[in-house]
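J.: Using only what follows, build the 3D model:
(one chain, ligands or ions: 2)
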Amino acid sequence: MNRSFIVLILALSVVTSTSCTSKPKTAASTTPPLTLELRPTPEFRGDSARSFVQAQVAFGPRVPNTRAHQACKDYLVGQFERFGASVIQQQANVRAFDGTILKATNIVASYQPDLDKRILLCAHWDSRPWADQDPDPKKRQEPILGANDGGSGVGVLMELARLLGVEAANNRLPNVGIDILLFDAEDYGYPSFYPGREDMESWCLGAQYWGKNPHKVGYKARYGILLDMVGDPEATFYWDYYSVRYASPVLENVWSIAAALGHASHFIKKEGMSVMDDHYYVNTLARIPCIDIIDTREDSGFVPYWHTHRDDMRNISASTLAVVGQTLLQVLYQEAQ
Ligand code: AHN
Ligand code: ZN
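T.: Ligands and ions are numbered 1, 2, ... in the order given. Predicted coordinates:
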């Protein structure tokens, strides 16, 4: 009786001690590594974003110093105001590679401008003055529509602003300040047919100006996300070199959130090419860690119609715009908790 009682106690202590020591092991092997808990967000409408791309393209090429450029600027400012944002137009005369002075305007649309904790979302709203990659040499001097290159990123951010406007009206904005920054004169970079030395600083003139002269003194954001060419049905977003170099935790976060939403076929966690884009100056001049969500293809650079006359609405997929927009919304609402 006594002995069996002791055996029972021993057996129990073995069971309890094993279960005690093995508990962390079991937990580690059954719990997936830090799964992300998705938060409820408004529903991003890809068709609405696409209609905002269409509206920009309807102005024609948005080349600095043209009427279409001016008209599109007024349209964008009007829309962001209609969506309840506080809008600042930052005017800048910037010098192009050939000496032309461009009357550029960076547009900043802010939600909850008084909050300290801010996220910066960017795109460029101008379009390229030349189709210098077009297969037809006779058409290379003409400006492009830039539905994808320029239009798509702005379209996504407009739909996001529309949704934030609805949230603001219902007093349920996420608890984070959001700045939508549309850079001008991104795509006035040195054309391939122009003689002389190629100059990387000829790109992103609006971003360079803003990086040296932020729209508000001492402006800071936790991080930035740039959208560029986010409308193609088969868009693939790889990690670009400068994003890795300056903002790799942001890449990790955004690509993980995209994967959790089921978008891993577009957001590919792999290094791609090095892209000289507006985010370079947000990183190096404003010193805000900023990534670029930009469509690049394994081994083949940008989309095949990049800087050609085929960069039109045919390449703009409501579904891809929604993949990007829904990911951004989730990123924002993850910050808000
Ligand atoms: C270059 O790599 C020269 N430009 C990439 C930035 C860009 C141009 N994005 C759209 N158009
Ligand atoms: Zn371009």
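J.: Okay, helices next: where are they in the chain?
T.: Using DSSP state H, the helices of the chain run over residues 2-30, 46-57, 67-82, 153-169, 205-212, 241-260, 278-284, 318-335.
J.: can you put the ones you listed in a markdown table and add mean pLDDT, mean neighbour count and distance to Phe302?
T.: C-beta here means a position set from N, CA and C on the backbone, and glycine is covered the same way. Putting the helices of the chain into a markdown table (pLDDT from 0 to 100; neighbours: other CB atoms under 10 Å; distance: least, CB to CB, whole Å) gives the following:
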| stretch | mean pLDDT | mean neighbour count | distance to Phe302 |
| --- | --- | --- | --- |
| helix 2-30 | 41 | 9 | 43 |
| helix 46-57 | 98 | 20 | 18 |
| helix 67-82 | 98 | 17 | 23 |
| helix 153-169 | 98 | 23 | 14 |
| helix 205-212 | 98 | 23 | 18 |
| helix 241-260 | 98 | 19 | 15 |
| helix 278-284 | 98 | 25 | 15 |
| helix 318-335 | 98 | 22 | 15 |
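J.: Compare the ones you listed and give me the one nearest ligand 1.
T.: helix 278-284 (7.9 Å; CB to the nearest ligand atom).
J.: For the stretch 151-300 of the chain, which residues are neighbours of ligand 1?
T.: Proximity of the stretch 151-300 of the chain to ligand 1 is confined to 187, 189, 203, 228, 275-277 under the rule CB under 6 Å from any ligand atom.
J.: Nearest to Pro42 among these?
T.: Asp228 (23.8 Å; CB to CB).
J.: so what's that closest one up against?
T.: Each residue near Asp228 by CB atoms under 8 Å, 6 or more residues apart in numbering is listed here: 123-124, 149, 153, 275, 277-278, 292-295.
J.: next one: Pro42
T.: By CB under 8 Å, 6+ apart, the contact set of Pro42 is 163, 166-167, 329.
J.: before we move on, what about Trp130?
T.: With CB under 8 Å, 6+ apart, Trp130 has these contacts: 140-144, 191, 193, 307.
J.: near ligand 2, which residues of this protein?
T.: Taking CB under 5 Å from the ion as the contact definition, the chain meets ligand 2 at 128, 149, 187.
J.: Next, count neighbours for the second one.
T.: Neighbourhood size, Asp149 [other CB atoms under 10 Å]: 28.
J.: So which of the residues of the stretch 151-300 of the chain next to ligand 1 wins on neighbours?
T.: Asp187 leads these on contacts (other CB under 10 Å) with 28 neighbours.
J.: That one and Asn148 touch, don't they?
T.: No - counting by CB atoms under 8 Å, Asp187 does not reach Asn148; the two are 11.8 Å apart.
J.: Please report how far Gly301 lies from ligand 2.
T.: 12 Å (CB to the ion, to the nearest Å).
J.: tell me the contacts of the residue lying closest to that residue once chain neighbours are set aside?
T.: Of all residues not flanking Gly301 in the chain, Met273 sits nearest, at 6.8 Å (CB to CB, 6 or more residues apart in numbering). Contact partners of Met273, counting by CB under 8 Å, 6+ apart, are 238, 240-241, 296, 301.
J.: which two of these lie the greatest distance from each other?
T.: Once CB to CB is applied, those give Tyr241 and Gly301 as the farthest pair, at 13.6 Å.
J.: Strands along the stretch 51-200 of the chain, start to end?
T.: Taking DSSP state E, counting those that start in this stretch, the strands of the stretch 51-200 of the chain run over residues 86-95, 101-111, 118-124, 177-183.
J.: just the angle between the first one and helix 153-169, please?
T.: Read that as strand 86-95. 160 degrees (axes from the mean of the first three to the mean of the last three CA atoms, to 10 degrees).
J.: Any buried residues in strand 86-95, and which?
T.: 87-88, 90, 92, 94 (16 or more other CB atoms under 10 Å).
J.: Could you do the longest one as well?
T.: Within strand 101-111, the residues that qualify as buried by neighbour count (16+ other CB under 10 Å) are 102, 104-111.
J.: which ones among these come in contact with ligand 1?
T.: When CB under 6 Å from any ligand atom is applied, no member of the buried residues of strand 101-111 is adjacent to ligand 1.
J.: related to what we said a few turns ago, separate out the buried members of the contacts of Met273.
T.: Using 16+ other CB under 10 Å, the buried ones in the contacts of Met273 are 238, 240, 296.
J.: Weed out the non-buried ones from the contacts of Trp130.
T.: The buried subset of the contacts of Trp130 - by 16+ other CB under 10 Å - is 140, 143-144, 191, 307.
J.: and Tyr280, what does it touch?
T.: 204, 207, 242.
J.: Out of those residues, the closest to Gly177 would be?
T.: Nearest member of the contacts of Tyr280 to Gly177, counting by CB to CB, is Ala207, at 20.2 Å.
J.: State the distance from that closest one to Ala185.
T.: Going from Ala207 to Ala185 by CB to CB, to the nearest Å gives 8 Å.
J.: Thanks a lot, catch you later.
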